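# show me the folded form of this:
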Amino acid sequence: MSEPKTPQPPADLTKLQILDFDVMQEGWSTYDLEDGNRMRCRIVLLQMRAPDIQPKKGDPIAPQISQHVIVDVPPNRRGSPGHPATQEEVAKPKEHGGEEVAIRSSSEPWNEYHITNTNVRLRVKIIVNRIWKIRDRFDQNGDPVYVVTSTVIPVFES
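Residues are numbered from 1 along each chain as shown. Predicted coordinates:
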């Protein structure tokens, strides 16, 4: 019987090297919502760090990712321009008139990146878990205010 693995302490990000990488593929995840609107989400790799410029299998690699959410809303579903969601609305959408919106269909492609001078690839995917629409709230463009909870899944391959 094998011994259980002892969890490794998190890497000290201040001591990691910045890795060069090439974008192989980046795309938008799309969500057709039950309210008739369409949501697009995109994650973009901004930076990667590792203990060595040429990481080895099993080395901790720390990706830094930016997430973007856009809603495509026809003019007849827009309202009076307002403000983006507040921190309180994002933290507790149901308590601020949030109604959960079901996803009718979705497409969640993988983004792929290649770490320069290695055979290591990073694949990243966003998975949207829940979407809340704040009742009678519209952003600066007049689009409905949504609160999205999601998970980012990174997979390293060599």
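# how close does the closest residue to residue 73 other than its chain neighbours sit to residue 72?
Once flanking residues are discounted, residue 73 sits nearest to residue 143: 4.7 Å by CB to CB, 6 or more residues apart in numbering. C-beta coordinates here come from the backbone N, C-alpha and C atoms, glycine included. To residue 72, residue 143 is 9 Å away according to CB to CB, to the nearest Å.
# those two: which has the busier surroundings?
Neighbours were counted for residue 143 and for residue 72 using other CB atoms under 10 Å; residue 143 has more, 19 against 12.
# run through the residues that contact the more buried one.
Residue 143 makes contact with 71, 73, 78 under the criterion CB atoms under 8 Å, 6 or more residues apart in numbering.
# mark which of these are buried, thanks.
Buried subset of the contacts of residue 143 (neighbour count, 16 or more other CB atoms under 10 Å): 71, 73.
# save the contacts of residue 143 as JSON lines, and put in secondary structure and distance to residue 34 too.
As requested, the contacts of residue 143 are exported to JSON lines (DSSP: H, G, I helix; E, B strand; the rest coil; distance: CB to CB, whole Å):
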{"residue": "71", "secondary structure": "strand", "distance to residue 34": "14"}
{"residue": "73", "secondary structure": "coil", "distance to residue 34": "14"}
{"residue": "78", "secondary structure": "coil", "distance to residue 34": "18"}
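# where does this structure have low pLDDT?
For the chain, the stretches flagged by pLDDT under 70 are 1-11.
# go again using 80 as the cut-off
Per-residue confidence for the chain (pLDDT under 80) gives these ranges: 1-13, 55-59, 158.
# which helices and strands does the strand ranked longest in the chain pack with?
Using DSSP state E to define each element, the chain has its longest strand at strand 121-138. Judged by 3 or more CB pairs under 8 Å, 6 or more residues apart in numbering; DSSP states H and E, strand 121-138 is in contact with strand 29-33, strand 38-50, strand 62-72, strand 98-100, strand 103-107, strand 111-115, strand 144-157.
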